[in-house]
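Engineer: from the sequence below, what's the structure:
(chains A and B)
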Amino acid sequence: MATTANVRKQNEAEVGAPVTIAYEHPWVVRFAHWVNAVAVLVLVGTGLQIFRAFPSFGPKIPQKNLLDVPRLITLGGWLGGALQWHFTFMWIFVGSGLMYVIYQIATGHWRQVLFTARDTTGVWPMARYYFFFGPKPVVDAAYNPLQKLAYTSTVFFGLLSTLTGLVLYKPDQFWWLAWLMGGFHYARIWHFLSMCGFLAFIPGHLIMVLLHGWNNFYSMVTGWKRDPEYVE
Amino acid sequence: MPDDIHEEQKSPEEGPQPPTGPADHGAAQAEERVPQAAAQSDAAAQPEEVAAPAVLRHVGPAGEEVRRVAPAERKRMNRRELLKLVPVLALGAFAVPKLREPLLNEGLHLSDWASGKIFGRARLAQTFRDGDVVPFEKFPYNFYDVADPGVNLERWTLTVEGLVKRPGEYKLSQIQALPKVTQNTRHVCVEGWDVIGNFGGTRASDFLRAIGADTSARFLEAECADGYYESIDMETMLHPQTLFCYEMYGKPLDRGHGAPLRLQMPTKIGYKQAKYLDTIRVTNVLQADKRGYWEDQGYSWYGGL
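Structural biologist: Model (predicted):
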């Protein structure tokens, strides 16, 4: 009968070969990661739309356009629309960023992921391994030096884009920050470069996610990673 | 619960086995495991000598112990954690056309509210040396519709209305009779460009006092000869660098820059600096859809720098 079959099936599943799982990413980290991922995409897309209004870092007269940003990769439709998105998602971006950073500090997990001077020598061997012409370095830590560099750099770019954004938004109220960056005009360049930082991180990150397969990706969804590579 | 059952390492050929019972997962046991695994790999003389020996750990990056669970239990655990991530889907509201506009308006309001809160009444915008000012020819003419609405400069007067003791028509000479202020300040356009210019005029606060304006009122509305309109918060109108500007580069304002009178506020973005002033009104209530030409189309109303 159906119920008996179901019970048997369930029993088999319960006693089936146990699988090894590790809780890799706590809820706060996963939540912040996905919210931040959306926020970064929105801020980059609308930022490029805003940049279209004056695609230059020089004077207004004479205006020399640096590049023509294709409409396809922009968001917001027009300058005013893009600014609305930008001024809305800046809160979401900063909120989820702070959530992550505060959580990492509070739990002490920052020690595993923060790139420090000691990690510098490990970057090259790891990069060499990833580009297929080197042996796999021994990594006796949760994250390898290249990972630490990448993840730490996103926090750095997040901080930089927030501070430069504050100067662009309120150069008079944050005059001391503006002064540090060389004024409104230069803050705009730093803001653009911090976006370039994110644009450099994202493809590498996505390629690594693809290379490391479903179990690794899924751990950023549910927190649990099946068959973690560091357990035999 | 199988949730809490941990198993000893076992070789693959042993196959599925029921859990042997709740094993103690102390640190000592984990320490044992590493040499054991290393010994195994030595004996088997694995073909992958190229690879560095794996460093085995029993704790995940989040500091929680690695577990061995039945597949069904793993499914349940995954589902539980997946549900906790549902709040992220709230961001999907921005993809719903009906919700998008109100949400983005809320975002803009929040930003404007915060902008008003951090505004320093006495905090001055940066001023510059004469050498930093761009040549007059490089100060852009910016207009929304017509470059010159054809104001009759001879017969022009400023109409003053609203919460003021002395409403009426004011001649340019009456405004110029008040102390003149000149300043080299930065003009920032919402498009992203900025220029440093030289501006001269009457402090707005002086003129507002002269007309007996209720400075506890909330807003000043401005209507322009070219059909443009603006509204400014009173705090900014009373800021020491806010000018009723009638001079640029030591010369009377020319037609392209808003002759004969314009607003000049270094603490505000470019589109707030209404040109060709025709009427100003002190008020506590902004007319709906008359908050500002660009603001009514979705730009930030506060527009503070």
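Engineer: tell me where the model's unsure across the stretch 51-200 of chain B.
Structural biologist: Within the stretch 51-200 of chain B, the set of residues satisfying pLDDT under 70 comprises B:51-57.
Engineer: strands of that one, residue ranges please.
Structural biologist: For the stretch 51-200 of chain B, strands defined by DSSP state E, counting those that start in this stretch occupy the ranges B:67-69, B:158-162, B:168-170, B:180-188, B:194-203.
Engineer: host element of the most centrally placed residue in chain A?
Structural biologist: Of all residues in chain A, the one closest to the mean position by CA atoms, centre = their mean is residue A:154, 5.3 Å from it. Residue A:154 belongs to helix A:145-169 when elements are defined using DSSP states H and E.
Engineer: how about the host helix or strand of residue A:49: buried residues?
Structural biologist: Using DSSP H and E, residue A:49 falls within helix A:27-53. Neighbour-count burial for helix A:27-53 flags A:28-40, A:42-53 (criterion: 16 or more other CB atoms under 10 Å in any protein chain shown). From N, CA and C alone the C-beta is placed, and that goes for glycine too.
Engineer: quick one: the longest strand seen in chain A near chain B?
Structural biologist: Criterion DSSP state E: the longest strand present in chain A is strand A:19-23. Yes - applying CB under 8 Å from any CB of the partner chain, one finds strand A:19-23 in contact with chain B at A:19-23.
Engineer: now the helices for the chain?
Structural biologist: No chain specified, so I'll use chain A. A:2-15, A:27-53, A:79-107, A:110-113, A:120-130, A:145-169, A:175-180, A:184-222 (DSSP state H).
Engineer: ah, I was thinking of chain B
Structural biologist: Remark: helices assigned in chain B by DSSP H are B:27-44, B:71-84, B:97-118, B:172-176, B:204-210, B:234-237.
Engineer: out of the residues of strand A:19-23 next to chain B, which end up buried?
Structural biologist: Buried among the residues of strand A:19-23 next to chain B by 16+ other CB under 10 Å: A:20-23.
Engineer: on that earlier part again, quick check: mean pLDDT of the helix holding residue A:154?
Structural biologist: On average, the pLDDT along helix A:145-169 is 94.
Engineer: please apply the same query to stretch B:238-251.
Structural biologist: 96.
Engineer: alpha carbons only: can I get it in CSV?
Structural biologist: Backbone C-alpha positions of stretch B:238-251 (Å, rounded to 0.1, in the frame of the first residue of the first chain) are rendered in CSV as follows:
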residue,chain,number,x,y,z
LEU,B,238,18.9,82.0,5.4
HIS,B,239,22.3,80.5,4.9
PRO,B,240,25.0,83.2,4.8
GLN,B,241,26.2,82.2,1.3
THR,B,242,22.7,82.2,-0.3
LEU,B,243,22.4,85.1,-2.7
PHE,B,244,19.9,86.9,-4.8
CYS,B,245,22.6,87.1,-7.5
TYR,B,246,22.7,90.0,-10.0
GLU,B,247,26.4,89.9,-10.9
MET,B,248,28.8,87.3,-12.3
TYR,B,249,32.5,88.1,-12.8
GLY,B,250,31.9,91.7,-11.7
LYS,B,251,29.4,92.4,-14.5
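Engineer: so what's the gap between it and the chain middle?
Structural biologist: Here the centre of stretch B:238-251 is set off from its chain's centre by 27 Å, with CA atoms, centre = their mean, to the nearest Å.
Engineer: stretch A:192-207 too?
Structural biologist: In terms of CA atoms, centre = their mean, the centre of stretch A:192-207 is found 8 Å from the chain centre.
Engineer: tell me the buried residues in that stretch?
Structural biologist: By 16+ other CB under 10 Å, the buried positions in stretch A:192-207 come out as A:192, A:194-195, A:197-198, A:201, A:205.
Engineer: re the thing from before, which stretch in the helices of chain A has the least confidence?
Structural biologist: Among the helices of chain A, helix A:2-15 scores lowest, at a mean of 56.
Engineer: what's near enough to touch the residue of chain B found nearest chain A?
Structural biologist: In chain B, no residue comes nearer to chain A than residue B:107, which is 2.5 Å away by CB to the nearest CB. Counting by CB atoms under 8 Å, 6 or more residues apart in numbering or on different chains, residue B:107 touches A:84-85, A:87-89, A:91.
Engineer: and chain B, which of those residues contact it?
Structural biologist: Among the contacts of residue B:107, chain B is touched by A:84-85, A:87-89, A:91 when using CB under 8 Å from any CB.
Engineer: looking at those residues, which is nearest residue B:69?
Structural biologist: Among the ones next to chain B among the contacts of residue B:107, residue A:89 lies closest to residue B:69 (CB to CB), at 38.6 Å.
Engineer: so can I have a markdown table of the buried residues of stretch A:192-207 showing distance to chain B?
Structural biologist: Shown next, in a markdown table, are the buried residues of stretch A:192-207 (distance: CB to the nearest CB, whole Å):
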| residue | distance to chain B |
| --- | --- |
| A:192 | 10 |
| A:194 | 15 |
| A:195 | 13 |
| A:197 | 19 |
| A:198 | 18 |
| A:201 | 19 |
| A:205 | 16 |
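Engineer: next, count neighbours for residue A:180.
Structural biologist: Counted by other CB atoms under 10 Å in any protein chain shown, the residues lying close to residue A:180 total 14.
Engineer: residue A:216 too?
Structural biologist: Using other CB under 10 Å as the criterion, the residues surrounding residue A:216 number 18.
Engineer: my guess is it contacts residue A:209. True?
Structural biologist: Yes - in this structure, residue A:216 is within contact of residue A:209 by CB atoms under 8 Å, at 6.8 Å.
Engineer: hang on, residue B:196 packs against residue B:135?
Structural biologist: No - counting by CB under 8 Å, residue B:135 is not a contact partner of residue B:196; they are 10.7 Å apart.
Engineer: which of those two has more neighbours?
Structural biologist: A direct count of neighbours by other CB under 10 Å for residue B:196 and residue B:135 places residue B:196 higher, at 20 against 9.
Engineer: one step back: out of the strands of the stretch 51-200 of chain B, which is closest to residue A:97?
Structural biologist: strand B:180-188 (26.0 Å).
Engineer: now for that closest one, which elements pack on it?
Structural biologist: strand B:194-203, strand B:243-248 (3 or more CB pairs under 8 Å, 6 or more residues apart in numbering or on different chains; DSSP states H and E).
Engineer: so which bits of the stretch 201-305 of chain B are right by chain A?
Structural biologist: Residues of the stretch 201-305 of chain B lying near chain A (CB under 8 Å from any CB): B:266-267, B:294, B:297-300, B:304-305.
Engineer: want to throw these into TSV with neighbour count?
Structural biologist: Listed next are those as TSV, based on neighbours: other CB atoms under 10 Å in any protein chain shown:
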residue	neighbour count
B:266	24
B:267	25
B:294	21
B:297	10
B:298	19
B:299	22
B:300	23
B:304	23
B:305	27
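Engineer: how about those residues in TSV, adding pLDDT?
Structural biologist: Formatted as TSV, these follow (pLDDT from 0 to 100):
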residue	pLDDT
B:266	97
B:267	97
B:294	95
B:297	93
B:298	92
B:299	95
B:300	95
B:304	94
B:305	95
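Engineer: between those residues, which is nearest residue B:237?
Structural biologist: Using CB to CB, these come closest to residue B:237 at residue B:267, 10.5 Å.
Engineer: so which of the buried ones among the residues of strand A:19-23 next to chain B is the closest to residue B:275?
Structural biologist: Comparing these against residue B:275 with CB to CB picks out residue A:23 as the nearest, at 62.0 Å.
Engineer: ok, and the closest non-adjacent residue to residue A:122?
Structural biologist: Using CB to CB, 6 or more residues apart in numbering or on different chains and skipping the chain neighbours, the partner closest in space to residue A:122 is residue A:145 (3.2 Å).
Engineer: how about that neighbour, what does it touch?
Structural biologist: Listed by CB under 8 Å, 6+ apart, the contact set of residue A:145 reads A:115, A:119-123, A:126.
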